[in-house]
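Enquirer: I'll drop the sequence and a predicted model, then ask my questions.
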Amino acid sequence: MFGWPSNGLNEIEKQYISQKDSLHVDQGCLVWGYRIVIPKSLREKILREIHDGHPGIVKMKQIARNYVWWENLDADIERVAHECLACRSQRPVAPVAPLHSWSWPTQVWSRLHIDFLGPFCSDYYLVVIDAHSKWIEVEKVKTTSAPVIVGHLRKMFARFGLPKRIVSDNGPPFSSSEFATYLLRNGIKHTLIAPYHPASNGAAENAVRSIKRVLKKAQFENEDPHVALSRFLFTYRNSEQTTTGREPAVLMMGRRLRGRLDLLRPDTEEAVRAAQLTHEQRREGALRVADPGDKVLLRDYSKAGRKWQEGVVTKRSSPVSYEVRTSDGRTHKRHVDQILTGSKTNSLRKSRHSLSQVPDESPVSPNCPKTTSHRPVEDIDTEEFYDSVAAHSADPASPGARSGSPAQVPSASVPDRSPRLKRKAALKCLERLHNA
């Protein structure tokens, strides 16, 4: 037989015919390049020889490529290595999978990651972190039993509410039936991570690592661990978080926590109060005060057309507000600027609206009487007022009587002292009181 057949080849023969240019016979052995072609009956022995010493799949392939060849050689080497019990028991861990992050919850305190720290100085610490705000809560516990954990979680839930989900490892307290019953009764879902894979609960692991460093630093400086932990949590909650870009306190409570450094900033409340005092001091006039039971005039905003209406103060509702009852039995609320208090006042100076004062600089007549009556202007009888004017003019104790000559009246107003002109002067005085 000479040459290679052109047709009727099986799968094995096809593999050899593809290498026909590299196959030759050397000293009665079929050789492919410089590698001996091993028949099927001897392949298992050659594989056991190559696997001697358990070199691994890569090393076995390197050795085989220096000596032997047959079809599917690499597949046979991998099969032998996988079937070896010793090699399988000592295989390295699988490559690390790509990072898969937890989804960020949109609500505060909706998903919590919890874990234990310890034992540290014979104590354990329960560490809880909120996935939304990164707010950390730490509770010192003596044991890691389920009742103790439930008690501390109950106090946290009383402050911040019930979460929707809790993520934890498979520790005894978290996998206990008591813990599962407590979560079920409160409508909280529980997610257990894969055993011995703490990276699945990375948020809690990072929080535990940070708290552990704080406790070790406190131990190194002989500081009270509770004080050191409180100071760290205060600073941490007020510091910007790298993942969210916001302070945990702002995301959790809507505000920053007030600290000693805030004393460096001006107090807004004090600044506002100082500005208010400045405005109050610049405001002209003194505060007029009316007591319950005082008769006053209050602004009338009804359609009756009157500007003022009589009333009695019933209550002082604020420093500048009063409740006044009118003659019709109705009660009105008025500001002190809408009230005429009369002569009885506790202000520093008498009101310019007082009915007991008539200006001395009146151009009408110096004989215009000064009345001290507390009655409203509308109640003053006209004839009574005229008589008062006449009596005042005839009074020998008046300035005109003492001087022995009539009072000097500006010629433009009263040229003589006739009764008719005196009556006219009295009417003008009364008109001034009406317009006051």
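Expert: Yes, it's here.

Enquirer: low-confidence ranges, this protein, go.
Expert: For the chain, the stretches with pLDDT under 70 are 1-10, 284-285, 342-419, 436.

Enquirer: need the contact partners of stretch 117-129.
Expert: 112-116, 135-144, 149, 152-153, 156, 203-204, 207-208, 211-212, 215, 219, 225 (Cβ atoms under 8 Å, 6 or more residues apart in numbering). (Glycine included, C-beta is placed from N, CA and C.)

Enquirer: is it fair to say C429 lies in a helix?
Expert: Yes: assessed by DSSP: H, G, I helix; E, B strand; the rest coil, C429 belongs to a helix.

Enquirer: so for the protein, the centremost residue is which one?
Expert: Nearest to the mean C-alpha position of the chain, by Cα atoms, centre = their mean, lies G254 at 0.6 Å.

Enquirer: show me the contacts for that one.
Expert: Going by Cβ under 8 Å, 6+ apart, G254 touches no other residue.

Enquirer: quick one, phi/psi of it?
Expert: Backbone torsions of G254, given as degrees, to the nearest 10, read phi 80, psi 10.

Enquirer: list only those of the contacts of stretch 117-129 flagged as buried.
Expert: Buried subset of the contacts of stretch 117-129 (neighbour count, 16 or more other Cβ atoms under 10 Å): 112-116, 135-139, 141, 144, 149, 152-153, 156, 203-204, 207-208, 211, 215, 225.

Enquirer: now do the helix or strand that Q219 is a member of: which elements does it pack against?
Expert: Taking DSSP states H and E as the criterion, Q219 maps to helix 202-220. If you count contacts as 3 or more Cβ pairs under 8 Å, 6 or more residues apart in numbering; DSSP states H and E, helix 202-220 packs onto strand 111-120, strand 123-130, strand 136-141, strand 165-168, helix 225-237.

Enquirer: which among these is found nearest to D300?
Expert: The closest of the helices and strands packed on helix 202-220 to D300 is helix 225-237. By Cβ to Cβ, the value is 59.5 Å.

Enquirer: tell me the helix or strand right after that closest one.
Expert: helix 248-253.

Enquirer: which strands or helices does that next one pack on?
Expert: Helix 248-253 is packed against helix 225-237, with contacts defined by 3+ Cβ pairs under 8 Å, 6+ apart.

Enquirer: now do the helix it packs on: which elements does it pack against?
Expert: Against helix 225-237 (3+ Cβ pairs under 8 Å, 6+ apart) you get strand 136-141, helix 202-220, helix 248-253.

Enquirer: beta partners of I36?
Expert: Here I36 sits in beta bridges with V31, V68, going by DSSP bridges.

Enquirer: helices along this protein, start to end?
Expert: 11-17, 43-50, 57-64, 73-83, 85-89, 146-160, 177-185, 202-220, 225-237, 248-253, 268-282, 382-394, 399-403, 419-435 (DSSP state H).

Enquirer: in TSV: the ones you listed, plus distance to T191.
Expert: Formatted as TSV, these follow (distance: least, Cβ to Cβ, whole Å):
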stretch	distance to T191
helix 11-17	52
helix 43-50	47
helix 57-64	38
helix 73-83	35
helix 85-89	32
helix 146-160	15
helix 177-185	11
helix 202-220	12
helix 225-237	25
helix 248-253	22
helix 268-282	45
helix 382-394	95
helix 399-403	103
helix 419-435	84
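
Enquirer: which one of these is the most hemmed in?
Expert: Among the helices of the chain, helix 248-253 has the highest mean neighbour count (mean count of other Cβ atoms under 10 Å), at a mean of 18.

Enquirer: which other residues reach it?
Expert: Taking Cβ under 8 Å, 6+ apart as the rule, helix 248-253 contacts 108-109, 130, 132-136, 160, 236-238, 241, 244, 255-257.

Enquirer: just the buried ones from the residues you listed, in ChimeraX syntax?
Expert: The buried subset of these, as determined by 16+ other Cβ under 10 Å, is captured in ChimeraX by this line:
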select :108,109,130,132,133,134,135,136,160,236,237,238,241,257
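
Enquirer: how about S110, nearest residue that isn't a chain neighbour?
Expert: Spatial nearest neighbour of S110, chain neighbours left out: K164 (4.6 Å); criterion: Cβ to Cβ, 6 or more residues apart in numbering.

Enquirer: what about the one you found, how many neighbours?
Expert: 13 (other Cβ atoms under 10 Å).

Enquirer: so who does Q309 touch?
Expert: 297-300, 326.

Enquirer: what about 6 Å?
Expert: When contacts are counted by Cβ atoms under 6 Å, 6 or more residues apart in numbering, Q309 touches 298, 300, 326.

Enquirer: closest one to I12 among the helices and strands packed on helix 202-220?
Expert: strand 165-168 (56.5 Å).

Enquirer: returning to what we had before: and the helix holding Q219 with helix 225-237, angle?
Expert: Angle, helix 202-220 to helix 225-237, by axes from the mean of the first three to the mean of the last three Cα atoms, to 10 degrees: 130 degrees.

Enquirer: can you offset everything so residue one is 25?
Expert: That works, and once the first residue is 25, the last one we named lands at helix 226-244.

Enquirer: return helix 226-244 as PDB; C-alpha atoms alone will do.
Expert: The C-alpha trace of helix 226-244 is given here as PDB (Å, rounded to 0.1, in the frame of the first residue of the first chain):
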ATOM      1  CA  GLY A 226     -19.500  44.000  53.400                       C
ATOM      2  CA  ALA A 227     -21.200  47.000  54.900                       C
ATOM      3  CA  ALA A 228     -21.400  45.400  58.300                       C
ATOM      4  CA  GLU A 229     -17.800  44.100  58.000                       C
ATOM      5  CA  ASN A 230     -16.500  47.500  57.200                       C
ATOM      6  CA  ALA A 231     -18.300  49.000  60.200                       C
ATOM      7  CA  VAL A 232     -17.000  46.300  62.500                       C
ATOM      8  CA  ARG A 233     -13.500  47.000  61.200                       C
ATOM      9  CA  SER A 234     -13.800  50.700  62.000                       C
ATOM     10  CA  ILE A 235     -15.200  50.200  65.500                       C
ATOM     11  CA  LYS A 236     -12.500  47.700  66.300                       C
ATOM     12  CA  ARG A 237      -9.800  50.200  65.400                       C
ATOM     13  CA  VAL A 238     -11.400  52.800  67.700                       C
ATOM     14  CA  LEU A 239     -11.500  50.300  70.600                       C
ATOM     15  CA  LYS A 240      -7.900  49.400  70.100                       C
ATOM     16  CA  LYS A 241      -6.800  53.000  70.000                       C
ATOM     17  CA  ALA A 242      -8.700  53.700  73.200                       C
ATOM     18  CA  GLN A 243      -7.000  50.700  74.800                       C
ATOM     19  CA  PHE A 244      -3.600  51.900  73.700                       C
END
